[in-house]
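A.B. asks: Need a 3D model of the following:
(4 chains)
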Protein chains: 4
Amino acid sequence: MNVLIYNEFRHELDPNCRASVIYPNGMHAAIAEFLEKEEDISVSTVTLDTIEEITREKLRATDVIIWWGHCHHDDVPDDIAGMVYEEVLNGMGAVFLHSAHKSKPFMKLMGTSCSLIWRESDDLERIWVSAPYHPVARGVDRYFELPGEETYGEPFGIPTPEETVFIGWFTGGEVFRSGCSWQRGNGRVFYFQPGHETYPTYYDPNVQTVIKNAVRWAAPTYRVTDCMGCPNPPKAHEWK
Amino acid sequence: MNVLIYNEFRHELDPNCRASVIYPNGMHAAIAEFLEKEEDISVSTVTLDTIEEITREKLRATDVIIWWGHCHHDDVPDDIAGMVYEEVLNGMGAVFLHSAHKSKPFMKLMGTSCSLIWRESDDLERIWVSAPYHPVARGVDRYFELPGEETYGEPFGIPTPEETVFIGWFTGGEVFRSGCSWQRGNGRVFYFQPGHETYPTYYDPNVQTVIKNAVRWAAPTYRVTDCMGCPNPPKAHEWK
Amino acid sequence: MNVLIYNEFRHELDPNCRASVIYPNGMHAAIAEFLEKEEDISVSTVTLDTIEEITREKLRATDVIIWWGHCHHDDVPDDIAGMVYEEVLNGMGAVFLHSAHKSKPFMKLMGTSCSLIWRESDDLERIWVSAPYHPVARGVDRYFELPGEETYGEPFGIPTPEETVFIGWFTGGEVFRSGCSWQRGNGRVFYFQPGHETYPTYYDPNVQTVIKNAVRWAAPTYRVTDCMGCPNPPKAHEWK
Amino acid sequence: MNVLIYNEFRHELDPNCRASVIYPNGMHAAIAEFLEKEEDISVSTVTLDTIEEITREKLRATDVIIWWGHCHHDDVPDDIAGMVYEEVLNGMGAVFLHSAHKSKPFMKLMGTSCSLIWRESDDLERIWVSAPYHPVARGVDRYFELPGEETYGEPFGIPTPEETVFIGWFTGGEVFRSGCSWQRGNGRVFYFQPGHETYPTYYDPNVQTVIKNAVRWAAPTYRVTDCMGCPNPPKAHEWK
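C.D. replies: Numbers count the residues shown, from 1 in each chain, chains lettered A, B, ... in the order given. Below is the predicted model of the structure:
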């Protein structure tokens, strides 16, 4: 399975940001590291600086894309966002992490504001499994905790998820639908909330389990190259 | 609009239970009191002791039924639970409160376990609006708090709600889908979690607003008497 | 209630197209005519030639927009399509007719290909009510027929509709989800398939009933002006 | 994978019914025959006469149950229907065929009337794939035809399906949501409409493909034994 990780990779280059210490090689490298240990997963990465490497051919060879972006969503070229969007509709899986809720491809796939409330105050987050049967929850206990995370809160401006797999609880008093799934065309989309750049979230074993599960769940079982077209077939049946 | 309130009415008769002090005339009386102040709502009530008053005729004259039960779900006769169920499918609205998640009519309408985790530990509950556009959330701020409630937690064994209008946060660390809606046949169903018998929840202005909203939202716009049958119509169209 | 009808209005100006005879003043005029007879509805119209009349102010004064387009979707300016999209998320209702399945605002709201199969072969269409309880089906019998329509067929590349109110049957052998509803942000969206320019579909009493119902169903009950933003509120609760 | 097929097995024993010629050993035998050719599937069968063989132990050893019933739904003991229902909620998959739409386990899982319209008039049915990405549609072309089937028509009294995989078209003019999926508790449920006893439907290669797909799709990935209970855990987190 070919996984492509896109990471904006700017916070980690800022020496004034904790991300530079926690993820010196970038969050994409941290995520790639645990995914590459899986025998069935092959990983490549791309950052905002190298985003032109995301071509149609590259995407067609990708089973699942993972997307992390935050302050530079607007710098992602429209044509690249559009290609990612179309390839999901063609069947590629997509996992959007944390602040990617406002990324171009996620917003295009949702068709909604994807807005939320947020606060940076070192809250502990407890993430509950609300759909224990879901493949993305496999191997996770009934809840797990992250000692520090950016707080995200409702209302989350998304279409009603087909499955709400996780719901987050924050010490500051907020709740959030932290893990949600949708079918979009032939592709599967998962949103997973943890992963603020100033916390070592992607080193957490439970977070890693969820991301591995999400990748496998989102992997395509059916894929086309032309979902945007409208065929004009002849009448199939002539009445006698 | 005719509203029928069913309340088990046993806790309130037990002098050892706080409910006897908080709701000396029963929770049904407290709910009836604020509903009756609405010009468009006419209320009648029934308890476990008088449950035989729930007849087919009574239900056909009811727009919305409100249901509260807890320790005596099994004492509700199957034929009465079945009539309530069928009349919802015919178009009557239904609002299930708190521990009615395990009542016969609610379980029949959901088709699932309706299980949850729970704890009595005087937690504060903060209830967030996750669907601010929903008519049941009208007049409620982005959240409201109840200083004491029984804790309910995920996973809640329900079919994916069509709308998750409220999500509850508890000081003990739990989250819960506290307000959920479903269409069932021609009828609308709302589940609302607050209302443990040992807290004055039904005197809370926000809770009252939500229940009034839910009643109006669930009121039928279309109603039949025979939804359980399978018609056998002639072929409507003959090909020439 | 203020209804704004957008119609591309090109087929009707083409003397070689049947539309010029059937709808000499445009389909928007035909739709406006029956809507204006309703006491609670006030109508204005706009066409591709006058599309710059669609301003933010105009949309904020609009309760429900009706959209018909076909061969000139690409000529709708992106900023206008974007404003329509945002105002739906803010709470404005939207009814998309027939070939508007590939219009910019509808595709943006769905987040999918919105593709389908099609054929122009004068098929009769029979439209079945699959959700008789839905307000958009009120006043329609269990099915109605249109003696001629363009054939649309599955698969229809949409997110699973929240309600599938109508399913179409065509003499050529196709089926189509002809009436579908979605919540998008604070706004309600309805798609209704009939209305090819070469048939007098918008003079059909059942079609008129459905469009009137859809307009009333989609009318906003809650509306904001800033749904795209992400508030950053202070911590609401400090633990003692 | 262990598949258990329940078939009422009464029509086939009636010498006046075509079923006795088409399925001399019962529809369960015809279905078992093509399933047993799959290396990963092991089949056992049970009929109304031997229904007491359906025990809790038998169900716990079953991955997916297939259910066909028609005129003797009421003869299925309530406790057996209840066990099937609970084991689906615990995680067992279930595939309901044709007239099983009114069987006790299916109705209990849906929570609705499951009513439809019907007619026996030797209509041809054309079944369209409306969700080509769905695993149950794998290997099926964009539609397939059955030269004769009982006509089923909308409205079908089910909760909105999570996926509508197939939609049927009948020569007599009806449409029907012929293949629908739902999650119920930890179990997956698929309904598939073809299979009237007087047609050789279960010998059709496309129908066999769909049933094989449905069995594999419904196979459990997570299973418990106690989904009906409500745990009462201690407070997980004490605030310092």
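A.B. asks: just checking, next helix/strand downstream of the longest strand along chain A?
C.D. replies: Across chain A, the longest stretch assigned as strand under DSSP state E is strand A:117-129. Under the assignment DSSP states H and E, the closest C-terminal helix or strand after strand A:117-129 is strand A:143-153.
A.B. asks: Mind checking if the helix or strand just after that following strand is in reach of chain C?
C.D. replies: Note on strand A:143-153: by DSSP H and E, the next helix or strand toward the C-terminus is strand A:163-170. No - applying Cβ under 8 Å from any Cβ of the partner chain, one finds strand A:163-170 out of contact with chain C, separated by at least 9.3 Å. From N, CA and C alone the C-beta is placed, and that goes for glycine too.
A.B. asks: Show me which residues of chain A are close to chain C?
C.D. replies: A:89, A:102, A:108-113, A:115-119, A:121, A:153, A:157, A:159-160, A:162, A:171-173, A:182-185, A:227-237, A:239.
A.B. asks: try it again with 7 Å
C.D. replies: Selection of chain A residues close to chain C by Cβ under 7 Å from any Cβ of the partner chain yields A:89, A:108-113, A:115-119, A:121, A:157, A:159, A:172-173, A:184-185, A:227-233, A:235-237.
A.B. asks: Tell me how far the residue positioned nearest the centre of chain A lies from chain C.
C.D. replies: Compute the mean C-alpha point of chain A, and by Cα atoms, centre = their mean the closest residue is residue A:96, 1.4 Å away. As for residue A:96, its distance to chain C is 13 Å (criterion: Cβ to the nearest Cβ, to the nearest Å).
A.B. asks: One more: residue A:9?
C.D. replies: Using Cβ to the nearest Cβ, we find residue A:9 at a distance of 22 Å from chain C.
A.B. asks: Leaving aside the residues adjacent along the chain, what's closest to that residue?
C.D. replies: residue A:47 (3.8 Å; Cβ to Cβ, 6 or more residues apart in numbering or on different chains).
A.B. asks: which parts of chain A sit against chain D?
C.D. replies: Checking chain A against chain D by Cβ under 7 Å from any Cβ, the hits are A:91, A:132-133, A:135, A:138, A:162, A:186, A:221-222, A:237.
A.B. asks: which residues in chain A form strands?
C.D. replies: Counting by DSSP E, the strands of chain A are A:2-7, A:42-47, A:64-68, A:93-97, A:117-129, A:143-153, A:163-170, A:175-184, A:187-192.
A.B. asks: Which neighbouring elements make contact with the third one?
C.D. replies: Okay, so that is strand A:64-68. strand A:2-7, strand A:93-97 (3 or more Cβ pairs under 7 Å, 6 or more residues apart in numbering or on different chains; DSSP states H and E).
A.B. asks: partners of it in the sheet?
C.D. replies: According to DSSP bridges, strand A:64-68 forms sheet pairs with strand A:2-7 (parallel), strand A:93-97 (parallel).
A.B. asks: With the last one instead?
C.D. replies: Strand A:187-192 has the following sheet partners, assigned by DSSP bridges: strand A:93-97 (parallel), strand A:175-184 (antiparallel).
A.B. asks: Rounded mean pLDDT for it, please.
C.D. replies: What strand A:187-192 shows for mean pLDDT is 98.
A.B. asks: That one vs strand A:163-170, what angle?
C.D. replies: Put simply, strand A:187-192 runs at 10 degrees to strand A:163-170, going by axes from the mean of the first three to the mean of the last three Cα atoms, to 10 degrees.
A.B. asks: ok, residues contacting strand A:187-192?
C.D. replies: For strand A:187-192, contacts defined as Cβ atoms under 7 Å, 6 or more residues apart in numbering or on different chains pick out A:88-97, A:101, A:109, A:136, A:178-182, A:210-211, A:214, A:217-218, A:220.
A.B. asks: Weed out the non-buried ones from the residues you listed.
C.D. replies: Among these, those scoring as buried are A:88-97, A:101, A:109, A:136, A:178-182, A:210-211, A:214, A:217-218, A:220 (criterion: 16 or more other Cβ atoms under 10 Å in any protein chain shown).
A.B. asks: Surely residue A:75 and residue A:51 touch.
C.D. replies: No - assessed by Cβ atoms under 7 Å, residue A:75 is found out of contact with residue A:51, at 8.2 Å.
A.B. asks: Neighbour count: the two, which is higher?
C.D. replies: residue A:51 (16 against 12; other Cβ atoms under 10 Å in any protein chain shown).
A.B. asks: quick one: low-confidence ranges for chain A?
C.D. replies: Applying pLDDT under 70 to chain A flags the ranges A:236-240.
A.B. asks: how about the residues of it that lie near chain B?
C.D. replies: Contact residues (Cβ under 7 Å from any Cβ) of chain A with chain B: A:126, A:128-132, A:154-155, A:160, A:162-163, A:167, A:169, A:173-175, A:239.
A.B. asks: Repeat the analysis, applying 10 Å as the threshold.
C.D. replies: Residues of chain A found near chain B (Cβ under 10 Å from any Cβ of the partner chain) are A:117, A:124, A:126-133, A:137, A:142-143, A:145, A:153-158, A:160-164, A:166-178, A:239-240.
A.B. asks: could I get stretch A:61-73 in PDB with only the CA atoms?
C.D. replies: Only the C-alpha atoms of stretch A:61-73 are listed here, as PDB (Å, rounded to 0.1, in the frame of the first residue of the first chain):
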ATOM      1  CA  ALA A  61       0.000   5.600  -7.600                       C
ATOM      2  CA  THR A  62      -1.100   6.500  -4.100                       C
ATOM      3  CA  ASP A  63      -3.500   4.400  -2.100                       C
ATOM      4  CA  VAL A  64      -4.000   6.800   0.800                       C
ATOM      5  CA  ILE A  65      -2.900  10.400   1.300                       C
ATOM      6  CA  ILE A  66      -2.400  11.900   4.700                       C
ATOM      7  CA  TRP A  67      -2.700  15.700   5.000                       C
ATOM      8  CA  TRP A  68      -1.400  18.100   7.700                       C
ATOM      9  CA  GLY A  69      -1.600  21.800   7.100                       C
ATOM     10  CA  HIS A  70      -2.200  24.900   9.200                       C
ATOM     11  CA  CYS A  71      -1.200  28.400   8.400                       C
ATOM     12  CA  HIS A  72      -0.500  28.000   4.700                       C
ATOM     13  CA  HIS A  73      -3.600  26.400   3.400                       C
END
